[in-house]
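K.L.:
Compute the structure for the input listed below.
(one chain, ligands or ions: 3)
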Amino acid sequence: MESPGEFPTQKDTSKNFSNEASVVFVLGGPASGKGTQCPKIVEHFGFTHLCVGELLEEETKSGSENGKMIRNFKLEGKIVPSEVTVGILQQAMQQSENKKFIIDGFPRNEENLATFEKTVKVEPEFVLFFDCPEEELKRRLLSRNQGRADDNPVTIEKRLEVFKESTLPIINYYSSKGKVQKINAQRSVEQVFDDISNVFSKLNPGSRGASTI
Ligand SMILES: Nc1ncnc2c1ncn2[C@@H]1O[C@H](COP(=O)(O)OP(=O)(O)OP(=O)(O)O)[C@@H](O)[C@H]1O
Ligand SMILES: O=c1ccn([C@@H]2O[C@H](COP(=O)(O)O)[C@@H](O)[C@H]2O)c(=O)[nH]1
Ligand SMILES: [Mg+2]
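P.N.:
Ligands and ions are numbered 1, 2, ... in the order given. Next comes the predicted model:
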C-alpha cells in the first residue's frame, strides 16, 4: 500500500459539483470509437472531454510509484484501483472551468462506480454506449497503429475479456435505470456522429443543472 501522499488530493467536492457539474459517461469496447467521436462532441456541444485512459497515461510519465503501478495495470489490460483513478479524475474536474464533462472509458467496473458515487456525487445524465461487434473491435485494435503499448495481441484479448466481465454489467445497470443511449458504432465515423448528435440534441445534457446522488 502506498502512502496517501501518492494520491492526488481527494477533497470533498460534493458542494462544488452537486449544483453545477453535468456528466455523460462514454462507454464501449476497446477501439469502439470513443476517442474518435468525443472531440466532435466537444466541438459541437461544448463539453470538456476527460479520457480517463489518457489521464492515467499522463500519470505514468510523472515517475511516481502510482505511475509505475498504472503502467503495469495497463499493460496487463487490468482496471487500475478506483481510489487512484477517481482521485485523478476528480482533480481534472476541479481544475476545469467548464463543468460539462464527457467522461470517456469510465466507470469500468462496480468499484469505479461506487467510488465515483461516494466521492464526486454526480449522477450521469446518461451513458453513451458504443455498441460494436468483437470482430470489428479486434480488426480496429490490430490496425490502430498509434504506438499504444496495450495494442498488442495478448493485451487486446485481456482488455476484451475485462470489458465483457466488468464493464458490460455497468452498462446493463444503467440500462435498467433507463439511462443508456446505444449507438451502432460499426458504421462510418460520420454516420456514428449523426446518431450521437441526435441524442445530444434531443436530451440536451447540461441544460437543466446537475443531477446529484
Ligand atoms: N466508425 C469507425 N469506423 C472505422 N474505424 C473507426 C471508426 N471509429 C474509429 N475508428 C478507428 O478505430 C480505431 C480505434 O478508435 P478510437 O481510438 O476512437 O477507439 P476508442 O474507443 O477510444 O478505443 P480505446 O478504448 O482503446 O481507447 C482508430 O484507429 C480509429 O481511427
Ligand atoms: O477508468 C479507467 C480507464 C482506463 N483504465 C486503464 O487504461 C487502459 C486504457 O483505457 P482506454 O479507455 O481503453 O484508453 C485500460 O485498459 C485500463 O488498463 C483504467 O484502469 N480505468
Ligand atoms: Mg480511447
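
K.L.:
how far away is Asp131 from Leu137?
P.N.:
Spatial separation of Asp131 from Leu137 under the definition Cβ to Cβ, to the nearest Å is 11 Å. Where you see a C-beta, it was placed from the backbone N, CA and C, and this is true even at glycine.

K.L.:
Show me which of those two is the more surrounded one.
P.N.:
A direct count of neighbours by other Cβ atoms under 10 Å for Asp131 and Leu137 places Leu137 higher, at 23 against 15.

K.L.:
That one reaches Pro30, doesn't it?
P.N.:
Yes - under the criterion of Cβ atoms under 8 Å, Leu137 makes contact with Pro30 at 6.1 Å.

K.L.:
who touches both of those two?
P.N.:
Leu160 (Cβ atoms under 8 Å, 6 or more residues apart in numbering).

K.L.:
joint contacts of Asp131 and Leu137?
P.N.:
Residues touching both Asp131 and Leu137 by Cβ under 8 Å, 6+ apart: Ser32.

K.L.:
Report the next helix or strand after the one helix or strand in the chain whose mean pLDDT sits lowest in sequence order.
P.N.:
Sorted by mean pLDDT, DSSP states H and E, the helices and strands of the chain end with helix 14-18, the least confident at a mean of 53. Secondary structure here is assigned by DSSP states H and E; on that basis, the next helix or strand after helix 14-18 toward the C-terminus is strand 22-28.

K.L.:
So what touches that next one?
P.N.:
Outside strand 22-28, the residues that touch it by Cβ under 8 Å, 6+ apart are 34, 37-38, 47, 99-107, 122-132, 167, 170-171, 174, 185, 205-206, 209-211.

K.L.:
Cross those against strands and list the overlap.
P.N.:
Counting by DSSP state E, the members of the contacts of strand 22-28 that fall within strands are Lys100, Phe101, Ile102, Ile103, Asp104, Phe126, Val127, Leu128, Phe129, Phe130, Asp131.

K.L.:
Considering these, which possesses the most neighbours?
P.N.:
Counting by other Cβ under 10 Å, Ile103 has the largest number of neighbours within the ones in strands among the contacts of strand 22-28, with 27 neighbours.

K.L.:
residues touching that one, list them.
P.N.:
Ile103 makes contacts with Val23, Val24, Phe25, Val26, Leu50, Val52, Leu89, Pro124, as judged by Cβ under 8 Å, 6+ apart.

K.L.:
Of the residues you listed, just say which sits nearest to ligand 2.
P.N.:
Ligand 2 has its nearest neighbour among the contacts of Ile103 in Val52, at 3.9 Å by Cβ to the nearest ligand atom.
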